[in-house]
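Asker: The amino acid sequence is not available; the structure is as follows:
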């Protein structure tokens, strides 16, 4: 585990993530991280878990209604 230091960035406060953390998250400068509240704190993830759930539901609907979607595309 790494201790992170808060630093002043303009009128905001930011956290500098070490290279090892960035590599583990597989993110780089310009990418987005999503903060999720959990029982004992927060998690940082390179993807939005809520969006992932919505996409899984959309894929299931598209698979089930494939013929209808094909006709609508014509």
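Answerer: Great, that's in hand. All values derive from a computational prediction rather than experimental measurement.
Asker: Give me the phi and psi for the residue positioned nearest the centre of the chain.
Answerer: Centroid-nearest residue in the chain: residue 47, 1.8 Å away (criterion: Cα atoms, centre = their mean). Phi and psi for residue 47, reported as degrees, to the nearest 10, are phi -140, psi 160.
Asker: Can you give me every residue that contacts it?
Answerer: Applying Cβ atoms under 8 Å, 6 or more residues apart in numbering to residue 47 gives the contacts residue 34. All C-beta atoms are positioned from the backbone trio N, CA, C, and that covers glycine.
Asker: Distance check, it against residue 33.
Answerer: According to Cβ to Cβ, to the nearest Å, residue 47 and residue 33 sit 9 Å apart.
Asker: Next: residue 10.
Answerer: 19 Å.
Asker: quick one: which of these two has more around it?
Answerer: A direct count of neighbours by other Cβ atoms under 10 Å for residue 10 and residue 33 places residue 33 higher, at 14 against 6.
Asker: hang on, residue 35 is in a strand, isn't it?
Answerer: Yes. Residue 35: assigned to a strand according to DSSP: H, G, I helix; E, B strand; the rest coil.
Asker: contacting residues around the longest helix seen in the chain?
Answerer: Across the chain, the longest stretch assigned as helix under DSSP state H is helix 49-64. For helix 49-64, the external contacting residues (Cβ under 8 Å, 6+ apart) are 34, 36, 69.
Asker: How about that helix, which residues are buried there?
Answerer: For helix 49-64, a neighbour-count test (16 or more other Cβ atoms under 10 Å) marks nothing as buried.
Asker: excluding its backbone neighbours, what's nearest residue 44?
Answerer: Spatially, and ignoring its direct neighbours in sequence, residue 44 is nearest to residue 33 (4.9 Å; Cβ to Cβ, 6 or more residues apart in numbering).
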